[in-house]
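Visitor: build the 3D model from these lines:
(4 chains)
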There are 2 protein chains.
Amino acid sequence: MIKEHILKKQKAIKYKIVGIASDVFSKFGFKKATMEDIAKAAGMGKSSIYYYFKSKEEIFEAVVKKEAATLSVELEKKVINVHDDPKEKIRNYVFIRMKYLKEMVNFYEALKNDYLANLAFTERIRKKYDREEQDTIKNILEEGVNQGIFKVNNTKFAAMALVTFLKGLEKTMIIDEEMDMDGLEKNLDDILHILFYGMIK
Amino acid sequence: MIKEHILKKQKAIKYKIVGIASDVFSKFGFKKATMEDIAKAAGMGKSSIYYYFKSKEEIFEAVVKKEAATLSVELEKKVINVHDDPKEKIRNYVFIRMKYLKEMVNFYEALKNDYLANLAFTERIRKKYDREEQDTIKNILEEGVNQGIFKVNNTKFAAMALVTFLKGLEKTMIIDEEMDMDGLEKNLDDILHILFYGMIK
DNA sequence: AGAATTTTAGAAGAATATAGTCGAAAAAGC
DNA sequence: GCTTTTTCGACTATATTCTTCTAAAATTCT
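Guide: Down below sits the predicted model:
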């Protein structure tokens, strides 16, 4: 039997490994990152890593989950639980999400090789967060409507539209290597400006 | 026999491949970059690359040579053939060289793995440029002395000292992964300031 | 057009690298 | 000191990767 406080220590070590693996994957991409790379970066033997995770994929999964959780927390703090006006909230939401995606692009580089095979795998992990995302946007929109700032008839549909747009950006970022990210980021405000000034009373 | 104008075309293609390989090595490092990566990036089959280069090392060698040549040209244009005062020239020299090193660090990443084995190989390629470098600095120093701006007794020794310092930085950049490059770059001016105001009459 | 030359692509071989396993030894906890 | 937890190094089977070879495609030359 595994004892209680031992489990906690294991979790802490796993957490540390995931953080380091995150750096390694971010630097090399999933395929080019080796267990040896991760082990060295963590300052331990390869087989010690296997003591905590049973495969490379399992580590990757943990990394993606952690990233998603980090995004959730950041959004929570900076968007959801803040008393800015809804307009500012949406702007923050979009920009934080963009920042997150930029960081994630390296992870998804793995997909560029074995595209279809891995897409399913990553999509599965993310699906859970899609609903959450849509609800968040919907809540912000409704808040804006209640405050008389937005004029949106169907907040659910509008939320879906915005999330779809953001997911579209994501796909573009992952697949279309030629896209000019910095240019896009600068244009985001214009896009949002258009969005807002077609929406604001 | 290979015909004259065909050779020119081959050279052009080789040049293109070297440029692309440069990007790939820069992104992945020598070891993680595969011939497949290079071939794909160049839009041709793997064996076509082997038609122009007989090994991965030969491509890498060509890349390093090209980089060194690029540095030479840039230094020529922005430092040697310019009528700035010698103080500014040295400052430009050091900063351009730093910029170059920063770009080169990725190539040298190969060395981090198989350090001693590859060091000899890269060192051989660079040796030719070391003398050139020392002469350039020496000339700038002498120019400064002639203009009565610098007080340097032995320009040859002083040039050697500066080059040694720059090479020291290089080694540090390659081997010591923990070094804070951005911080260093900011401090370079301070270092140069010290260098200058110990030297200027 | 057809022969000669140059270039590419694909398949296959040989060497290397990598993910993952196993048992034994070290470290930590009791 | 004995048990449990953790690390490590050696090992294997598999997959990758460098490189070679051959034949076909494209280009150039006559």
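Visitor: what comes up buried for the host helix or strand of A:K65?
Guide: A:K65 belongs to helix A:56-75 when elements are defined using DSSP states H and E. Of all the residues in helix A:56-75, those buried under the rule 16 or more other CB atoms under 10 Å in any protein chain shown are A:56, A:59-64, A:67-68, A:71, A:75. C-beta coordinates here come from the backbone N, C-alpha and C atoms, glycine included.
Visitor: do that helix and DNA strand D meet at all?
Guide: No. Using CB under 7 Å from any atom of the strand as the criterion, no contacts between helix A:56-75 and DNA strand D are found, and the smallest distance is 11.7 Å.
Visitor: from chain A, which residue is nearest to DNA strand D?
Guide: Proximity of chain A to DNA strand D (CB to the nearest atom of the strand) peaks at A:S47, 2.7 Å away.
Visitor: number of nearby residues for A:I80?
Guide: As a burial measure, A:I80 scores 14 neighbours (other CB atoms under 10 Å in any protein chain shown).
Visitor: now A:M98
Guide: Other residues within reach of A:M98, judged by other CB under 10 Å, total 18.
Visitor: may I have the predicted confidence score for the residue of chain A closest to DNA strand D?
Guide: The pLDDT attached to A:S47 in the predicted structure is 91.
Visitor: using CSV, write out the CA atom coordinates for the helix or strand containing it.
Guide: Assessed by DSSP H and E, A:S47 sits inside helix A:46-52. What follows is helix A:46-52, C-alpha atoms only, in CSV (Å, rounded to 0.1, in the frame of the first residue of the first chain):
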residue,chain,number,x,y,z
LYS,A,46,15.5,8.2,-17.7
SER,A,47,14.0,5.3,-15.9
SER,A,48,13.2,7.5,-12.9
ILE,A,49,10.9,9.4,-15.2
TYR,A,50,9.2,6.2,-16.1
TYR,A,51,8.7,5.6,-12.4
TYR,A,52,6.3,8.6,-12.4
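Visitor: who's in contact with it?
Guide: Contact partners of helix A:46-52, identified using CB atoms under 8 Å, 6 or more residues apart in numbering or on different chains, comprise A:10, A:13-14, A:17, A:35-36, A:38-39, A:42, A:59.
Visitor: try it again with 7 Å
Guide: By CB atoms under 7 Å, 6 or more residues apart in numbering or on different chains, the surrounding residues in contact with helix A:46-52 are A:10, A:13-14, A:17, A:35-36, A:38-39, A:42.
Visitor: so which of those reach DNA strand D?
Guide: Residues of the contacts of helix A:46-52 in contact with DNA strand D (CB under 7 Å from any atom of the strand): A:10, A:13.
Visitor: is DNA strand C within reach of the helix holding A:S47?
Guide: Yes. Contact between helix A:46-52 and DNA strand C, assessed by CB under 7 Å from any atom of the strand, occurs at A:46-47, A:50.
Visitor: next, the buried residues of that helix.
Guide: Residues A:49, A:52 are the ones in helix A:46-52 that count as buried (16+ other CB under 10 Å).
Visitor: same check, this time on stretch A:21-28
Guide: Neighbour-count burial for stretch A:21-28 flags A:21-22, A:24-26, A:28 (criterion: 16+ other CB under 10 Å).
Visitor: can you list the residues you listed in a markdown table and add secondary structure, distance to DNA strand D and pLDDT?
Guide: Putting these into a markdown table (DSSP: H, G, I helix; E, B strand; the rest coil; distance: CB to the nearest atom of the strand, whole Å; pLDDT from 0 to 100) gives the following:
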| residue | secondary structure | distance to DNA strand D | pLDDT |
| --- | --- | --- | --- |
| A:A21 | helix | 15 | 89 |
| A:S22 | helix | 19 | 87 |
| A:V24 | helix | 16 | 87 |
| A:F25 | helix | 15 | 84 |
| A:S26 | helix | 18 | 78 |
| A:F28 | helix | 11 | 84 |
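Visitor: the helix holding A:K65 and DNA strand C in contact?
Guide: Yes. Among the residues of helix A:56-75, A:56-57 lie within reach of DNA strand C under CB under 7 Å from any atom of the strand.
Visitor: please work out the average pLDDT along that helix.
Guide: Helix A:56-75 shows an average pLDDT of 82 in the prediction.
Visitor: for that helix, packing partners?
Guide: Under the contact criterion of 3 or more CB pairs under 7 Å, 6 or more residues apart in numbering or on different chains; DSSP states H and E, the helices and strands touching helix A:56-75 comprise helix A:4-32, helix A:86-113, helix A:115-146.
Visitor: now it against helix A:4-32, angle please.
Guide: Between the axes of helix A:56-75 and helix A:4-32, defined by axes from the mean of the first three to the mean of the last three CA atoms, to 10 degrees, the angle is 100 degrees.
Visitor: with just CA atoms, put helix A:56-75 into CSV.
Guide: Coordinates of each C-alpha in helix A:56-75 appear next as CSV, following Å, rounded to 0.1, in the frame of the first residue of the first chain:
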residue,chain,number,x,y,z
LYS,A,56,6.0,10.0,-23.2
GLU,A,57,2.4,10.5,-24.3
GLU,A,58,1.3,10.5,-20.7
ILE,A,59,3.7,13.3,-19.8
PHE,A,60,2.6,15.3,-22.9
GLU,A,61,-1.0,14.9,-21.8
ALA,A,62,-0.1,16.1,-18.3
VAL,A,63,1.6,19.1,-19.9
VAL,A,64,-1.3,20.0,-22.0
LYS,A,65,-3.7,19.7,-19.1
LYS,A,66,-1.5,21.9,-16.9
GLU,A,67,-1.4,24.5,-19.6
ALA,A,68,-5.1,24.5,-20.0
ALA,A,69,-5.5,24.8,-16.2
THR,A,70,-3.0,27.7,-16.2
LEU,A,71,-5.1,29.4,-18.8
SER,A,72,-8.2,28.8,-16.8
VAL,A,73,-6.7,30.3,-13.7
GLU,A,74,-5.4,33.3,-15.5
LEU,A,75,-8.7,33.9,-17.2
